[in-house]
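> Attaching a predicted model along with its sequence, questions to come.
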Amino acid sequence: MLIIRSQQISALESAAAERFVGAMVDDLRLHLPHHCRLLDEHDIVQAIRYGIARAKQYRLVSAAGAGAFVRLMFILGPGFDTAAALPWAQRALGDSTDEATRVRALYLGAMQHQQALAAVAQAS
């Protein structure tokens, strides 16, 4: 019989978390290079870890959910989830639906927000 001790499980979880952080660094540098250009590796990693911790507070624990939160945090700012100017984010994150539905609502809200900003910029 195979016995896996809690220390071994913790080590596996830690390794998986570090792989996820590394993948997020690569993802952000590829898809959001302007948002990363002023940050060194250490700062990007710290920001990702902060975002993952914040995402957990909203029950975004999958790679897709935490990744979405971190990406939006880089695009909209580290306090986007509590910003009074972004009530759609608070609604989506506080919803009692499943994680995938909340992530879709976040992305939809972010797209609508960006479209509204673009319309204001074009009008001026």
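That came in fine, so what should we check first? Numbers count the residues shown, from 1 in each chain.

> Flag the shaky bits of this structure, pLDDT-wise.
Counting by pLDDT under 70, the ranges of the chain that qualify are 1-13.

> what ranges do the helices span in it?
Assigned by DSSP state H, the chain shows helices spanning 6-31, 33-36, 41-57, 63-76, 87-94, 99-123.

> for the fourth one, packing partners?
I take that to be helix 63-76. When contacts are defined as 3 or more CB pairs under 8 Å, 6 or more residues apart in numbering; DSSP states H and E, helix 63-76 sits against helix 6-31, helix 33-36, helix 41-57, helix 99-123. Using the backbone N, CA and C atoms, a C-beta is placed for each residue, glycine as well.

> residues of the last one that come out buried?
So the one you mean is helix 99-123. Across helix 99-123, burial judged by 16 or more other CB atoms under 10 Å covers Glu99, Arg102, Val103, Ala105, Leu106, Gly109, Ala110, His113.
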